[in-house]
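Engineer: structure for the following, please:
(chains A and B, ligands or ions: 2)
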Amino acid sequence: MKGAFAVDSAFIELDRVEKVFDVHRKTGFMRRELRRVRAVDSISFTVARGEMVGYIGPNGAGKSTTIKMLTGILTPSGGRLRVAGIDPSRERTRLAHRIGVVFGQRTTLWWDLPLLDSYRLMHRMYRIPDARYRENLDRLVELLELGDLLDVPVRQLSLGQRMRGDIVAALLHDPEVLYLDEPTIGLDVVSKGKVREFLRELNAEHGTTVLLTTHDLQDIEQLCSRVMVIDHGRLMYDGPLTGLHEVGDSERILVVDLERELPPIEAPAPARVVKVDGPRQWLAFPAAASAAPLVARIAAEYPLVDLSVREPDIEAVIAKMLHSLGDTTDPPSERATA
Amino acid sequence: MGTGRLYATVAAGGFRRYATYRAATAAGVFTNTVFGLILVYTYTALWDERPHLGGYDLAQAVTYVWIGQSLFKTLASGGGGVEGELMERIRTGDIAVDLFRPADLQLWWLAADLGRAAFELLGRGVLPFVFGALVFDLALPTDVSTWAAFLVAVLLGMLVSFGIRYLVALTAFWLMDGTGVTQMAMLTGWFCSGMVLPLNVFPGALGEVVRALPWSSLLQAPADLLLGHADPLPTYAFQAGWAVALLAAGRLVQSVAARRVVVQGG
Ligand SMILES: Nc1ncnc2c1ncn2[C@@H]1O[C@H](COP(=O)(O)OP(=O)(O)OP(=O)(O)O)[C@@H](O)[C@H]1O
Ligand SMILES: [Mg+2]
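Structural biologist: Numbers count the residues shown, from 1 in each chain, chains lettered A, B, ... in the order given. Ligands and ions are numbered 1, 2, ... in the order given. Prediction:
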């Protein structure tokens, strides 16, 4: 019982995991240089069963490399890694039956054949009992609105349709964990919305543990209560999204429309007016603080007509956070040898 | 049994994927027929000069041409099977998806290639052969058992062919540009499988060597069975020996590659 609990609270467990790539580069005729790239540099974290976690960071931070190690495709160069108590690279096949993966930029689907053929293949590959397969297929196809597309060759699907098709393929065998590497990349607002809504339901109703990488902060804002930020292969932040704003002291903007043109509003610090344009004024205030007291005060003292709040841009938040954590002073994570 | 069904599904998928490209198939049938005609006239001139060259009479030589054209794509002597796609997947990093699957990489691609080969046999092989049989006097056997023996040898030839091409494809794990390897494999395949000239025409030591190489399992072995030039059992033993050796080598290279594998890109 105790063992089961331990696995549940640390369903995914990384302990000082590293991945070093040796990259050979031609530097001239018959001359090669060996560079070691620390793609993942001593990362430790745990994810409990049923959590939905965002894994974000700038390009080349090591997100995809981490996911590949979690699936067992890549073997860590150091450290300890367990998923559901299994060492992924040693027992990749056994683990594969319990996890699902969607690589946003790649597809598992058979390019030239109808979508349904790929699903039949999953049926055989994961040895899904017939009744379960049919039930899951019906449910997923309905939720992701793919009913009319099952007979269409994958190459004729739009990007958003293909992505939803890939998500179905990853879930037919009822995996306990789902890794998503940029599942909304290149999708329009409507498709993104569908994918997000689906993921939220999957997590809430099936308790599927979800680890999600993305460059779209809205994915994180709408789905994940916990976010991990990595940069240069190091874990820089692990906590709630709101805390990210605090660390990066990012600001939200309150836009107020007054009845007439007035001098800048005298707002209580740290809020301050950053721009005035006729009757419209822009006030910056800490993203972590509530807008309510500020709004109440302005409404009480000024002729307020309308107002709106603008959320900070997530990329900007991350950049600010990495900067405030002194990322720039880190030693270089690559070194060259002859 | 469960795994058998998986690979049967993969093979069926391989068959159907190639079947979707009808225009390419029609163009291929045409090309093989034209090449067959060119080779028939070349061989006729050659056998007029040297009757019984390599132990074949003219009718047998012409039959050999049409066997070769019909099996050209099926046996993929010069490449052109699933290995091109496999190399591309290794190079782009899409192989990550394949490696993640709870399936054996080599069996998976073997099944896909057998499905492809089966389609090429029916879709691209039958018509040129029928054309050749109608237009020329071919030396064909009349008993069913010889035809059956021939088909078994074709199947073994598919295995050997895949064994070679799988090894070629795996080089992509180390060589980022596979053009050189692919071209070398193509030329060697054409020449050593007897696509240009039957291998029993090759003189002396060169002939001995070429006939002992795995490529002679592809076209020469089944053709000799159909032409009554060889006995089934030694032929099968030769082909099966190479198939086992090549597939085992493929497994070995695959496990080395998977261990030190560098899966490309994000
Ligand atoms: N196969 C490889 N060989 C050598 N270096 C690699 C390989 N794969 C990744 N890297 C390097 O490891 C680092 C991390 O790459 P990774 O793909 O994990 O980044 P990422 O966080 O997913 O980035 P992105 O947001 O651009 O997808 C990069 O510096 C990259 O160049
Ligand atoms: Mg990535």
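Engineer: so A:Met236 sits in a helix?
Structural biologist: No: applying DSSP: H, G, I helix; E, B strand; the rest coil, one finds A:Met236 to be strand, outside a helix.
Engineer: give me the neighbour count for it.
Structural biologist: Here the number of neighbours of A:Met236 (other C-beta atoms under 10 Å in any protein chain shown) works out to 20. For glycine as for every other residue, the C-beta is placed from the backbone atoms N, C-alpha and C.
Engineer: which regions of chain B lie under the pLDDT threshold?
Structural biologist: B:1-2, B:260-266 (pLDDT under 70).
Engineer: spatially central residue for it, please.
Structural biologist: B:Leu75 (1.8 Å; C-alpha atoms, centre = their mean).
Engineer: that one contacts B:Leu156, correct?
Structural biologist: No: B:Leu75 is beyond contact range of B:Leu156, at 10.6 Å (criterion: C-beta atoms under 8 Å).
Engineer: point out where the stretch 101-250 of chain A drops to low pLDDT.
Structural biologist: Looking at the stretch 101-250 of chain A by pLDDT under 70, you get A:247-249.
Engineer: now do 80
Structural biologist: Low-confidence segments of the stretch 101-250 of chain A (pLDDT under 80): A:242-250.
Engineer: would you state the strands of it in chain order?
Structural biologist: In the stretch 101-250 of chain A, the strands defined using DSSP state E, counting those that start in this stretch lie at A:177-181, A:209-213, A:226-231, A:234-240.
Engineer: closest one to B:Ile67 among these?
Structural biologist: strand A:177-181 (48.9 Å; C-beta to C-beta).
Engineer: and the closest one, how far from the chain's centre?
Structural biologist: Distance, stretch centre to chain centre, for strand A:177-181: 9 Å (C-alpha atoms, centre = their mean, to the nearest Å).
Engineer: can you check stretch A:145-160 too?
Structural biologist: 25 Å.
Engineer: hmm, B:Gly55 is touching B:Asn200, no?
Structural biologist: Yes: assessed by C-beta under 8 Å, B:Gly55 is found in contact with B:Asn200 at 5.8 Å.
Engineer: overlap in contacts, those two.
Structural biologist: B:His229 (C-beta atoms under 8 Å, 6 or more residues apart in numbering or on different chains).
Engineer: ok, those two, which is more surrounded?
Structural biologist: B:Asn200 (20 against 12).
Engineer: ok, for the more buried one, nearest residue in space, not its chain neighbours?
Structural biologist: With sequence-adjacent residues excluded and distances taken as C-beta to C-beta, 6 or more residues apart in numbering or on different chains, B:Asn200 is closest to B:Gly54, at 4.0 Å.
Engineer: what count of nearby residues applies to the one you found?
Structural biologist: By other C-beta under 10 Å, neighbour count at B:Gly54 equals 18.
Engineer: just checking, it touches B:Gly194?
Structural biologist: No: using C-beta under 8 Å, B:Gly54 is not in contact with B:Gly194; the gap is 10.1 Å.
Engineer: list the contacts for residue 243?
Structural biologist: In the absence of a named chain, this looks at chain A. A:237, A:288 are the contacts of A:Gly243 under C-beta under 8 Å, 6+ apart.
Engineer: wrong chain, I was asking about chain B
Structural biologist: So B:Ala243 contacts B:156, B:159-160, B:163, B:217 (C-beta under 8 Å, 6+ apart).
Engineer: check whether stretch B:98-113 contacts chain A.
Structural biologist: Yes: Stretch B:98-113 reaches chain A (C-beta under 8 Å from any C-beta of the partner chain) through B:99-103.
Engineer: buried ones in that stretch, by neighbour count?
Structural biologist: Across stretch B:98-113, burial judged by 16 or more other C-beta atoms under 10 Å in any protein chain shown covers B:98-106, B:108-113.
Engineer: would you map the helices across chain B?
Structural biologist: Assigned helices in chain B, in chain order: B:2-19, B:22-49, B:58-75, B:83-92, B:95-100, B:105-120, B:126-135, B:144-170, B:179-193, B:204-212, B:220-226, B:232-259 (criterion: DSSP state H).
Engineer: so which of these is nearest A:Glu182?
Structural biologist: helix B:95-100 (13.6 Å).
Engineer: quick one: list the elements packing against that closest one.
Structural biologist: Applying 3 or more C-beta pairs under 8 Å, 6 or more residues apart in numbering or on different chains; DSSP states H and E, one finds that helix B:95-100 contacts helix A:92-96, strand A:99-103, helix B:83-92, helix B:105-120.
Engineer: of those, which is nearest A:Ala287?
Structural biologist: Of these, nearest to A:Ala287 by C-beta to C-beta is strand A:99-103, at 30.4 Å.
Engineer: list the neighbouring strands of the closest one plus their orientation.
Structural biologist: When pairs are called by DSSP bridges, strand A:99-103 turns out to pair with strand A:177-181 (parallel).
Engineer: so is the partner strand next to ligand 1?
Structural biologist: No: Strand A:177-181 lies apart from ligand 1 when judged by C-beta under 6 Å from any ligand atom; the minimum separation is 7.2 Å.
Engineer: ok, the residue of the stretch 151-300 of chain A found nearest ligand 2 to A:Glu13 distance?
Structural biologist: Using C-beta to the ion, the closest approach of the stretch 151-300 of chain A to ligand 2 is made by A:Asp181 at 5.9 Å. Using C-beta to C-beta, to the nearest Å, A:Asp181 is found at 20 Å from A:Glu13.
Engineer: check contacts around residue 169.
Structural biologist: In the absence of a named chain, this looks at chain A. Contacts of A:Ala169 (C-beta under 8 Å, 6+ apart): A:108-109, A:118-119, A:122.
Engineer: my bad, chain B
Structural biologist: B:83-84, B:86-87, B:90, B:109.
Engineer: now A:Val227, nearest residue through space, not along the chain?
Structural biologist: A:Gly54 (4.2 Å).
Engineer: which outside residues touch the helix or strand containing the one you found?
Structural biologist: Using DSSP states H and E, A:Gly54 falls within strand A:52-56. By C-beta under 8 Å, 6+ apart, the residues outside strand A:52-56 that reach it are A:47, A:63, A:66-67, A:199, A:203, A:209-215, A:217, A:219-220, A:223-230, A:241, A:314, A:318.
Engineer: go again with 7 Å.
Structural biologist: Outside of strand A:52-56, the residues that reach it under the criterion C-beta atoms under 7 Å, 6 or more residues apart in numbering or on different chains are A:47, A:63, A:66, A:203, A:210-214, A:220, A:223-224, A:226-229, A:318.
Engineer: re the thing from before, so which of the contacts of B:Ala243 is the most crowded?
Structural biologist: B:Ser217 (29 neighbours).
Engineer: OK, contacts around that residue?
Structural biologist: Per C-beta under 7 Å, 6+ apart, neighbours of B:Ser217: B:156-157, B:160, B:238-239, B:242.
Engineer: gap between it and B:Ala112?
Structural biologist: 20 Å.
Engineer: number of nearby residues for A:Arg36?
Structural biologist: 15.
Engineer: where does it sit: helix, strand or coil?
Structural biologist: Quick answer, by three-state DSSP: A:Arg36 is strand.
Engineer: in the sheet, who's paired with the residue nearest to it when sequence neighbours are not counted?
Structural biologist: Nearest non-adjacent residue to A:Arg36, counting by C-beta to C-beta, 6+ apart: A:Val20, 5.4 Å away. With DSSP bridges as the criterion, A:Val20 is bridged to A:Arg38.
Engineer: isn't A:Val20 right up against A:Pro76?
Structural biologist: No: in this structure, A:Val20 is not within contact of A:Pro76 by C-beta atoms under 7 Å, at 9.4 Å.
Engineer: who has more neighbours, the two?
Structural biologist: More crowded of A:Val20 and A:Pro76, by other C-beta under 10 Å: A:Pro76, with 22 against 16.
Engineer: nice, that's everything, thank you.
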